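Undergrad: take a look and give me a structure for this.
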Amino acid sequence: MAGPTSTWQGGRLEITARRSGLRTAVTLLRDGTPVGAASGLGRVRLPLPAGEEPGPTVLVLAPVPGVVARAVLLVPRPTPEAGGDDVPAGVTTALELATAERHPFDPAPGTLAARLRALEDRHPRLWASRHVVLAVGRVLGALLGLAVLLQALVRPLLQWLAGLVPSVDLPAIPWPDVDLPSIPWPDVDWPDLPDVSLPGWLLAVLATAEYWGPVLVAVVLAVREVRRKRRGPAAREGREAPVGEDGVDAHR
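TA: The predicted structure follows:
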């Protein structure tokens, strides 16, 4: 069965995965030729062979051994030289991957991921609204579910546990009376600060921030995702660098 595929610099990338115990063994093919293999638990990283460093890296997420849930091509952005030789290589690699451009692989046809991708392409706003729906659900769950749980389970349980604990009269401990010396602190005449009070509506808004805050963040994420989807065709066209007549990347 074909795996997730992508296109990079005129070549076709494909990922095949199999289960190896609790780990996922992944093979990366370019135009049908294996160019890398690795295994991991939950996530696998395969550097793509390139003529210059740092090169692109394929990140594969497999929460179930042998099943690829998502594959992304990470392309490091050009950054100026900084830090010198005293910066550990691991820190540099982590920063490059964190700031890299992300190009998701196309899921294999017929899979659940492919159907979700089709829904995402046909209805980008509906797909992006999942952030808002999940945020509202979490807030409602916190408001309703927690209150019901406290009233139905926690309160009777605490009352039952309190009845099991015997009442014990602890003896009074004769603490020693220590006469501490008084410190002559300087008497500073501080200026009177203006009495600033926030309006009532602002206090009410701030008091309920834990409820509307997650929803507001979800709305921002949804808007950014829709905008990114609108720029998707132009970004996908830019993923393939022009190739010269001698087969060398023209951008190099």
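Undergrad: all helices of the stretch 151-252 of the chain, in order?
TA: Along the stretch 151-252 of the chain, the stretches classed as helices by DSSP state H, counting those that start in this stretch are 155-164, 200-207, 209-230, 232-238.
Undergrad: output the below-cut-off pLDDT ranges for this protein.
TA: Along the chain, the parts satisfying pLDDT under 70 run over 1-2, 50-54, 78-98, 145-151, 153, 167-168, 170, 232-252.
Undergrad: which stretches in it count as strands?
TA: Under the criterion DSSP state E, the chain carries strands at the ranges 5-8, 11-20, 23-30, 33-40, 43-47, 57-61, 70-75, 101-104.
Undergrad: JSON lines for the helices of the stretch 151-252 of the chain, including mean neighbour count and distance to P65?
TA: C-betas here are computed from N, CA, C, even on glycine. Below are the helices of the stretch 151-252 of the chain laid out as JSON lines (neighbours: other Cβ atoms under 10 Å; distance: least, Cβ to Cβ, whole Å):
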{"stretch": "helix 155-164", "mean neighbour count": "9", "distance to P65": "39"}
{"stretch": "helix 200-207", "mean neighbour count": "10", "distance to P65": "47"}
{"stretch": "helix 209-230", "mean neighbour count": "14", "distance to P65": "30"}
{"stretch": "helix 232-238", "mean neighbour count": "10", "distance to P65": "31"}
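Undergrad: out of these, nearest to L119?
TA: Nearest of the helices of the stretch 151-252 of the chain to L119, taken as Cβ to Cβ: helix 209-230 at 12.2 Å.
Undergrad: and this protein, what are its domains?
TA: Split into domains by automatic domain parsing, the chain comes to 5-107, 123-153+205-233.
Undergrad: which of those sits most buried?
TA: Ranked by mean neighbour count, the domains of the chain are led by domain 5-107 with a mean of 15 (mean count of other Cβ atoms under 10 Å).
Undergrad: got the helices of the stretch 151-252 of the chain as CSV, with distance to L73 columns?
TA: Below are these laid out as CSV (distance: least, Cβ to Cβ, whole Å):
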stretch, distance to L73
helix 155-164, 52
helix 200-207, 43
helix 209-230, 16
helix 232-238, 11
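Undergrad: H131: which of those is closest?
TA: For H131, the closest of these is helix 209-230, at 4.0 Å, according to Cβ to Cβ.
Undergrad: picking that back up, out of the helices of the stretch 151-252 of the chain, which gets nearest to D177?
TA: Ranking the helices of the stretch 151-252 of the chain by proximity to D177 (Cβ to Cβ) places helix 155-164 first, at 35.3 Å.
Undergrad: and that closest one, how far out from the chain's middle?
TA: Centroid displacement of helix 155-164 relative to its chain, using Cα atoms, centre = their mean, to the nearest Å, is 40 Å.
Undergrad: please enumerate residues in contact with that helix?
TA: With Cβ atoms under 8 Å, 6 or more residues apart in numbering as the test, helix 155-164 has no contacts from any other residue.
Undergrad: stretch 218-236 too?
TA: The contact list for stretch 218-236, computed with Cβ under 8 Å, 6+ apart, reads 103, 120, 124-125, 127-132, 134-136.
Undergrad: and which of the residues you listed is nearest to S6?
TA: For the contacts of stretch 218-236, the minimum distance to S6 (Cβ to Cβ) is 6.5 Å, reached by H103.
Undergrad: which residue packs closest to that closest one, ignoring adjacent ones?
TA: L73 (4.3 Å; Cβ to Cβ, 6 or more residues apart in numbering).
Undergrad: look up which residues are beta-bridged to the one you found.
TA: V58, H103 (DSSP bridges).
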